[in-house]
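Q: Structure for this input, please:
(one chain, ligands or ions: 1)
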Amino acid sequence: MENISQILERSEELFAGKRLLLVNPPADDLVSSIDADWQVWTWDWSVQRSLATQLDEERLCFSHLCPRFEGLDAAILVVPKALERAEYALAQIVPLLTPGCPIYLVGEKKGGISRAEKLLQPYGNGARKIDSARHCQLWTMQVADGAEPFELGSWQREVHIELADQSIDLVSLPGVFSHGRLDEGSQLLLEELAPLPPGKVLDFGCGAGVLTTALARRNPGSRFEMVDVDALALYCARQTLERNGVEAEIYPSDGLSDVHGRLAAVVSNPPFHTGIKHDTSIAERFFEQMTRNLLPGGEMRIVANGFLRYPALIEAHIGPCNVLRENNRFKVYSAVAPG
Ligand SMILES: C[S@@+](CC[C@H](N)C(=O)[O-])C[C@H]1O[C@@H](n2cnc3c(N)ncnc32)[C@H](O)[C@@H]1O
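A: Residues are numbered from 1 along each chain as shown. The predicted model follows:
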């Protein structure tokens, strides 16, 4: 079991038998190990897939919004790394609790839990740490009266982006990649105007949907599918398509878990570098999967930090790797499947 779940398990007496809202849990068996009336909200599709084997459908929700669960005795937020995402979640959770109900914040010390007191401050007084173990902390506070009802619109950011050939209105929410701006890597990828092979194109890790919006307009003979593991990204991608009058299929997937059929192309600003220069294991798995999913003559076009050693991996799994564009930080790679 994850450290976060272990620290919660140590305080089992606070939770057993209660009707609890659990938000952003890890993909483990915490909900089976503590006997409570669990209601779970996750925005992570890998967690959804894992907990679906342990919880009935009506107790588990994968969404950008927290369902309006009623009669809660308490709520537990596993604090996400992005501070803004934690604030966004709390703004939805607290109004669901009756004044006086406890809210618990749990997380890794190197993650967002160090900000527990600050996060809880708008919702009451007397936040206190009740446990610290396994590199994690558990905080609690009783919520005060007067939490404002949640308004999605006030968390949504809209940006107008000008590319050489078109303009795009991008919608984003807290914690969605490059919230409120166009990432420099994605911009470089979009500077490449060479057409994609016609057919089904996968936008892997679509985020707020900027790549498909631009590329679908440039490649009218292609059908775009967009996947992301994050429910907030999927919601934003839908909004972005709507704002820009672009059509594509959007669905959740953890890696290629839910992607079916062979692809004429895949485009991505992929998520798989952890910041550790030599950790290429996730990237390697992705390139390996691409070998099976690309049609003969299908193209993989990605942008990545120039320091990552992707070309050798791409060549080992797909085929000769060309650099289409580069600047001092990023490179746009293209490889075509043999056939
Ligand atoms: C670098 S961002 C790129 C976002 C967008 N394509 C852009 O260019 O702005 C990578 C995206 O991959 C998503 N992601 C991370 N892990 C994933 C996984 N296992 N499966 C699918 N998507 C994932 C993230 O949520 C994020 O939206």
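Q: What residues of the helix-or-strand element of the chain with minimal mean pLDDT count as buried?
A: Every helix and strand in the chain was compared by mean pLDDT, DSSP states H and E; the lowest is helix 281-293, with a mean of 88. Under the neighbour-count criterion of 16 or more other C-beta atoms under 10 Å, helix 281-293 has A283, E284, F286, F287, Q289, M290, N293 buried. (Glycine included, C-beta is placed from N, CA and C.)
Q: any idea whether the spatially closest residue to the first one that is not a sequence neighbour is helix, strand or coil?
A: Distance criterion C-beta to C-beta, 6 or more residues apart in numbering; nearest residue to A283, sequence neighbours excluded, is F272 at 4.6 Å. Counting by DSSP: H, G, I helix; E, B strand; the rest coil, the backbone at F272 sits in coil.
Q: For F272, give me its contacts.
A: By C-beta atoms under 8 Å, 6 or more residues apart in numbering, the residues touching F272 are I282, A283, F286.
Q: Around the ligand, pick out the residues from this protein.
A: The chain has residues 177-178, 183, 186, 205-207, 210-211, 227-230, 233, 253-255, 269, 271 near the ligand, with proximity defined as C-beta under 6 Å from any ligand atom.
Q: L119 in helix, strand or coil?
A: With three-state DSSP as the basis, L119 sits in helix.
Q: I'd like to know how far it sits from K110.
A: To K110, L119 is 16 Å away according to C-beta to C-beta, to the nearest Å.
Q: More neighbours: these two, which one.
A: Using other C-beta atoms under 10 Å, the more surrounded residue of L119 and K110 is L119, with 22 against 10.
Q: Now for that one: which residues touch it?
A: If a contact means C-beta under 8 Å, 6+ apart, then L119 has V79, L83, A86, E87, L90, L105, G112 as its contacts.
Q: do you know how far it is from the ligand?
A: 22 Å (C-beta to the nearest ligand atom, to the nearest Å).
Q: repeat for Y123
A: Taking C-beta to the nearest ligand atom, one finds Y123 at 27 Å from the ligand.
Q: neighbours around that residue, how many?
A: 21.
Q: what's the answer for G17, then?
A: Neighbour tally, G17, other C-beta under 10 Å: 11.
Q: Helix, strand or coil: sort out it for me.
A: coil.
Q: Now it. Its backbone dihedrals?
A: Taking degrees, to the nearest 10, you get phi 80, psi 0 for the backbone angles of G17.
Q: isn't it right up against A74?
A: No: using C-beta atoms under 8 Å, G17 is not in contact with A74; the gap is 11.4 Å.
Q: hey, what's in contact with both of those two?
A: Shared contacts of G17 and A74 (C-beta under 8 Å, 6+ apart): none.
Q: which residues touch the residue lying closest to G17 once chain neighbours are set aside?
A: Closest residue to G17 apart from its sequence neighbours, by C-beta to C-beta, 6+ apart: A36 at 6.5 Å. Shown in contact with A36 (C-beta under 8 Å, 6+ apart): F15, A16, G17, K18, R19, L20.
Q: likewise F69?
A: L21, Q39, L96.
Q: got these as a markdown table, with secondary structure and pLDDT columns?
A: As requested, the contacts of F69 are arranged in a markdown table below (DSSP: H, G, I helix; E, B strand; the rest coil; pLDDT from 0 to 100):
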| residue | secondary structure | pLDDT |
| --- | --- | --- |
| L21 | strand | 98 |
| Q39 | strand | 98 |
| L96 | helix | 97 |
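Q: Walking through the chain, point out its helices one by one.
A: Along the chain, the segments classed as helices by DSSP state H run 3-10, 12-15, 30-33, 45-51, 83-93, 116-120, 184-191, 210-218, 231-244, 281-293, 310-317.
Q: what's the fourth one packed up against?
A: Secondary structure elements in contact with helix 45-51, counted by 3 or more C-beta pairs under 8 Å, 6 or more residues apart in numbering; DSSP states H and E, are strand 37-42, strand 60-62.
Q: of all those, which gets the most neighbours per residue?
A: Mean neighbour count (mean count of other C-beta atoms under 10 Å) peaks for strand 37-42 among those, with a mean of 22.
Q: could you check the distance from A36 over to the ligand?
A: 29 Å.
Q: Domain map for the protein?
A: Using automatic domain parsing, the domains assigned to the chain come out as 3-142, 156-336.
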